[in-house]
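[1] Predicted model, plus sequence, below.
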Amino acid sequence: MWSVVKSVLAALLGVQSNQKRQEDFSSGKPAAYIVTGIVITLLFVLMLIVLATFAAR
């Protein structure tokens with residue numbers, strides 16, 4: 001599971017190597033990457049909302 005999270009974070013930041021991307025496509029289950037990507041994106045958006053709310057006070 002940790003490798004899926006690391007891979008998704010690297011892909012979101014745009015620093016994932018081509019070799020690692022090929023490994024992900026050939027070995028992992030797509031659903032795990034999709035769900036992890038959605039969860040991480042939602043957490044990031046929620047963090048931005050909370051930060052903006054505190055900054056606006």
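    Looks like it arrived, so ask away.
[2] average pLDDT for the longest helix anywhere in the chain?
    What stands out as the longest helix in the chain, according to DSSP state H, is helix 30-56. Across helix 30-56, the average pLDDT comes to 94.
[3] Just give me how far that helix sits from the chain centre.
    A distance of 9 Å separates the centroid of the chain from that of helix 30-56, by C-alpha atoms, centre = their mean, to the nearest Å.
[4] List the buried residues for that helix?
    Going by neighbour count (16 or more other C-beta atoms under 10 Å), the buried part of helix 30-56 is 32, 33, 36, 37. For every residue, glycine as well, the C-beta is placed using N, CA and C.
[5] could those go into a markdown table alongside distance to residue 44?
    Output for the buried residues of helix 30-56, formatted as a markdown table (distance: C-beta to C-beta, whole Å):
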| residue | distance to residue 44 |
| --- | --- |
| 32 | 18 |
| 33 | 16 |
| 36 | 12 |
| 37 | 11 |
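[6] Between those residues, which sits nearest residue 15?
    Set against residue 15, the nearest of those by C-beta to C-beta is residue 37 (15.3 Å).
[7] Next one: that closest one from residue 52, what distance?
    Separation of residue 37 from residue 52 (C-beta to C-beta, to the nearest Å) stands at 23 Å.
[8] Good, wrapping up.
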